[in-house]
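Q: Pasting a predicted model and its sequence here:
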Amino acid sequence: MLWLRGNPRNGSWLPSCEFAESDDKLPCPNGSVPWVENTFGECTYMWMPCDRINLYCSIVAVLSFNYLFFFLVECVCVTGSFGNLTEQVLPDKALSFTFLLLWLSGDTANLIGCLLTDQLALQKYTAVYYVSMDSVMISQFLYYKFKNRRSVVTGYVCGSLSCLLYLGSRLPQLNKNFQRKSTDGVSPIMFMLVVMGNLAYGLDILLKQPQTESEGCYILRHLPWIIGSLGTLSLDICISTQFILYRKPLVTSDEVEPLIQ
């Protein structure tokens with residue numbers, strides 16, 4: 001009910017609303033749509049244009065929001081992305097967590113307000129649905145966030161392990177050549193090609209200009225592979241040096257001729 005209160009001496013009237021018991025709490029007279037009355041607790045008469053439009057708007061609102069959230073959930077389940085069934089952009093990369101959190105906070109406040117002010121049944125049901133689907137979307141976001149983080153950590157650990165294995169593989173060969181004081185049986189061409197390959201591989205990573213991250217983050221992200229190529233390059237050069245140090249002197253024809261004919 002709307003009451004007008006004001007100061008008659010200055011002629012100002014300030015509208016003041018007082019909430020009274022809704023007519024929806026009372027039994028609906030004959031002619032109300034039964035399923036609307038039973039579902040939403042509202043009296044709706046199809047012969048009244050406003051009630052008919054109100055019913056149609058309610059149905060459109062429910063169907064629209066149902067399709068919206070189910071469409072988003074389906075996109076995540078099918079492609080792992082929000083909003084497109086044909087593009088695979090992970091939700092933790094495409095959406096802001098703050099956006100989802102504020103969305104959930106707004107829907108939660110809306111639900112509390114609807115309950116405390118006894119809004120229409122459709123508003124209450126929709127508010128509950130909003131909060132439920134927001135929770136589902138945030139759960140999916142967090143799932144992919146931690147899933148992708150686990151895969152990145154696993155990949156970085158594997159890259160670091162490969163770096164250590166590459167570095168460690170050269171040490172036994174260096175020691176073997178040192179003990180033998182010889183590189184017989186070891187192909188110098190193989191190590192020359194390895195040196196060229198590792199040098200090109202390392203330079204390819206270092207000369208790449210990062211587009212979406214700082215140079216420091218770029219180097220850190222590729223550090224195991226940089227060390228795995230340029231680090232082993234130094235050890236391969238050491239092995240190549242052994243080829244020079246331990247090479248045998250050339251034997252001339254005079255040295256092999258017999259002293260006595």
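A: Right, received. Where do you want to start? Numbers count the residues shown, from 1 in each chain.

Q: ok, then the element right after the helix or strand containing Gly106?
A: When elements are assigned from DSSP states H and E, Gly106 belongs to helix 97-116. Counting by DSSP H and E, the element after helix 97-116 in chain order, helix or strand, is helix 121-180.

Q: What is that following helix packed up against?
A: Packing partners of helix 121-180 (3 or more CB pairs under 8 Å, 6 or more residues apart in numbering; DSSP states H and E): helix 34-40, helix 49-79, helix 91-94, helix 97-116, helix 215-226, helix 232-245. For the C-beta atoms, the positions are set from N, CA and C on the backbone; glycine is no exception.

Q: Where does the prediction get shaky in the stretch 1-150 of the chain?
A: Scanning the stretch 1-150 of the chain for pLDDT under 70 picks out the ranges 1-33, 35-42, 44, 46-47, 52, 68-69, 71-94, 148.

Q: Ignore what I typed, I meant the stretch 151-261 of the chain.
A: Along the stretch 151-261 of the chain, the parts satisfying pLDDT under 70 run over 210-213, 249-261.

Q: thinking again about what came up before, save the helices and strands packed on helix 121-180 as CSV, and put in mean neighbour count and distance to Asn177 too.
A: CSV is the format used below for these (neighbours: other CB atoms under 10 Å; distance: least, CB to CB, whole Å):
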stretch, mean neighbour count, distance to Asn177
helix 34-40, 13, 86
helix 49-79, 13, 54
helix 91-94, 17, 49
helix 97-116, 14, 56
helix 215-226, 15, 26
helix 232-245, 16, 5
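
Q: For Met192, find the nearest of those.
A: Nearest to Met192 among the helices and strands packed on helix 121-180 is helix 232-245 (7.0 Å), distances taken as CB to CB.

Q: which other residues reach the closest one?
A: For helix 232-245, the external contacting residues (CB atoms under 8 Å, 6 or more residues apart in numbering) are 166-167, 169-171, 173-174, 177-178, 183, 186, 188, 191-192, 194-195, 198-199, 202.

Q: follow-up on the earlier one: to Gly155, which of the helices and strands packed on helix 121-180 lies closest?
A: Shortest distance between Gly155 and those, using CB to CB, is found for helix 215-226: 9.6 Å.

Q: Who are the contact partners of Gln209?
A: Counted by CB under 8 Å, 6+ apart, Gln209 has zero contacts.

Q: And it, how far from Glu215?
A: Counting by CB to CB, to the nearest Å, the gap from Gln209 to Glu215 is 9 Å.

Q: And for Lys248?
A: The value you get for Lys248 to Glu215, if CB to CB is used, is 48 Å.

Q: How about Leu100?
A: Leu100 is 31 Å from Glu215, where distance means CB to CB.

Q: between the helices and strands packed on helix 121-180, which gets nearest to Arg149?
A: helix 91-94 (8.6 Å).
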